[in-house]
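S.K.: Just the structure for this:
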Amino acid sequence: MKKPIIFLLFVLNCLLAACSEADSKEMEKANLVVDYSLDYPRYTTQTELEQASDLIVEGNVLDSKVESVNISLPNDSNDPRENPTLGAKEEVPEEENEFVYTISKVEVTQVYKGDNVQVGDVIEVKQLGGKLDGVTYTEENANPIKPKNEYIVFLAAFPNEIPYSLVNPEQGSYQKENGKYKAHQNNKIKLDVEKLKKIKTQK
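M.R.: As a prediction, this is how the structure comes out:
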């Protein structure tokens, strides 16, 4: 009668060891930080920022989520913007185009540049980084746009319903505070909103 008891204790010990190992792996994963480092164009004037942007809007950030996004675009296109792997000798593995982004929903209150978005529309803006499946992803000098705040954002557009991106992390957003627009500490371009209002009339 004792053998079944010994066997059950052995199984229980194995289960506890397995759980302990799994918990240990989860703890290691929870402490894991992945740093993204990408090169972006930098701009010296507001005019350069405007020209680099497909869309410039002011809006309220409603909420945000973190998810992995495949940024690969159609590889049969001859347009470098639609096919980043154009000219490559070998096809880029799909998993290398997966990045973790914080995707924010922005309700548009003013459109300064762009014909495909109107006041009242809700657009999605992605920024590298966030916490997903216990792993923290970061990007140096990132300037996350946050829910319940208002911004003017300078955005690049992509096909295939891929969310918009800031033209670069440091210069692509200005937070509105007390009627003024605050730039990232590394952004030396002072925003002239009156100049933005003239973009539509300059066409």
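S.K.: Tell me where this protein is predicted with low confidence.
M.R.: 1-30, 72-96, 203 (pLDDT under 70).
S.K.: ok, which stretches of it are strands?
M.R.: 33-36, 55-70, 98-113, 122-128, 130-132, 135-139, 150-156, 164-166, 173-177, 180-182 (DSSP state E).
S.K.: what pairs with the last one, and is each one parallel or antiparallel?
M.R.: Applying DSSP bridges to the sheet, strand 180-182 is found paired with strand 173-177 (antiparallel).
S.K.: Residues contacting the strand it pairs with, please?
M.R.: 58, 143, 145, 149-154, 166, 181-184, 191 (Cβ atoms under 8 Å, 6 or more residues apart in numbering). No exception for glycine: its C-beta is placed from N, CA and C like everyone else's.
S.K.: what's the angle from that strand to strand 150-156?
M.R.: 170 degrees (axes from the mean of the first three to the mean of the last three Cα atoms, to 10 degrees).
S.K.: Which positions within strand 173-177 qualify as buried?
M.R.: If you call a residue buried by 16 or more other Cβ atoms under 10 Å, then strand 173-177 has these buried ones: 173-176.
S.K.: any idea how far Lys188 lies from Arg42?
M.R.: 10 Å (Cβ to Cβ, to the nearest Å).
S.K.: Kindly apply the preceding question to Lys176 instead.
M.R.: 23 Å.
S.K.: next one: Pro147
M.R.: Distance, Pro147 to Arg42, by Cβ to Cβ: 28 Å.
S.K.: likewise Asn116?
M.R.: 27 Å.
S.K.: With Glu150 instead?
M.R.: From Glu150 to Arg42 the distance is 25 Å (Cβ to Cβ).
S.K.: again, but for Glu124
M.R.: Distance from Glu124 to Arg42, by Cβ to Cβ: 25 Å.
S.K.: ok, those two, which is more surrounded?
M.R.: More crowded of Glu124 and Arg42, by other Cβ atoms under 10 Å: Glu124, with 15 against 12.
S.K.: got the contact list for the most centrally placed residue in the chain?
M.R.: Residue closest to the mean C-alpha point of the chain, counted by Cα atoms, centre = their mean, is Gln127 at 1.7 Å. Each residue near Gln127 by Cβ under 8 Å, 6+ apart is listed here: 101-104, 139, 142, 144-145, 165-166, 169.
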